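Asks: Sequence unavailable; structure follows:
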DNA sequence: GCCAACGTTGGC
DNA sequence: GCCAACGTTGGC
């Protein structure tokens, strides 16, 4: 069992969208490091901090869980998709996704607030210039954040 | 295999 | 819209 922070642009898929749909495919990852986390490390039931990025209030907006192991991301084969990859093929898919299911909506735990806790100072998402859309979260970080959000 | 150019991410 | 950070591409 591991824990992850996964970024989504709320204009694309927000925590409310996930709450409404129950489960979504995490399509559109086009970074090898993030893909490898999904392929090699994610397990069913892993905890996910659902993070809203590229928006007016970036931060953690809810909780989710990995509900399906890595499988090919269908958008890579769709010429109409912005995530189309001509160098990928169904026989040799380059990009993968997992499914995540809704667990809870939380208050928005903003980036500014996250930065205030020394317990979270090591989080990858807080590092300057960080762009990785999926990052591992330690058990102590997970425990700290979920207890904050339970209040 | 180096590295400059380029593109993307994402906070501000 | 700006710009820092950094991953990717491609010429050599």
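Replies: Good, I have the coordinates. A quick note: this is a predicted structure, and the numbers were derived from the prediction, not measured. Residues are numbered from 1 along each chain as shown, chains lettered A, B, ... in the order given.
Asks: Read off the pLDDT value for the residue of chain A most remote from its centre.
Replies: Using Cα atoms, centre = their mean, the residue of chain A lying farthest from its centre is residue A:91. It sits 26.3 Å away. Residue A:91 is assigned a pLDDT of 88 by the prediction.
Asks: Check residue A:78 too.
Replies: 92.
Asks: surely it meets residue A:88?
Replies: No: applying Cβ atoms under 8 Å as the test, residue A:78 and residue A:88 come out as separate, 10.8 Å apart. C-beta: built from backbone N, CA, C; applies to glycine.
Asks: which strands and helices sit next to the longest helix that chain A contains?
Replies: Under DSSP state H, the helix in chain A containing the largest number of residues is helix A:139-150. Applying 3 or more Cβ pairs under 8 Å, 6 or more residues apart in numbering; DSSP states H and E, one finds that helix A:139-150 contacts strand A:3-8, strand A:47-52, strand A:59-72, strand A:96-110.
Asks: now, of the ones you listed, which is deepest in the fold?
Replies: strand A:47-52 (a mean of 24; mean count of other Cβ atoms under 10 Å).
Asks: With DNA strand C in mind, check whether that one reaches it.
Replies: No: using Cβ under 7 Å from any atom of the strand, strand A:47-52 stays clear of DNA strand C, coming no nearer than 14.9 Å.
Asks: Is it possible to get TSV of the helices and strands packed on helix A:139-150 that adds distance to DNA strand B?
Replies: Listed next are the helices and strands packed on helix A:139-150 as TSV, based on distance: least, Cβ to the nearest atom of the strand, whole Å:
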stretch	distance to DNA strand B
strand A:3-8	5
strand A:47-52	7
strand A:59-72	8
strand A:96-110	8
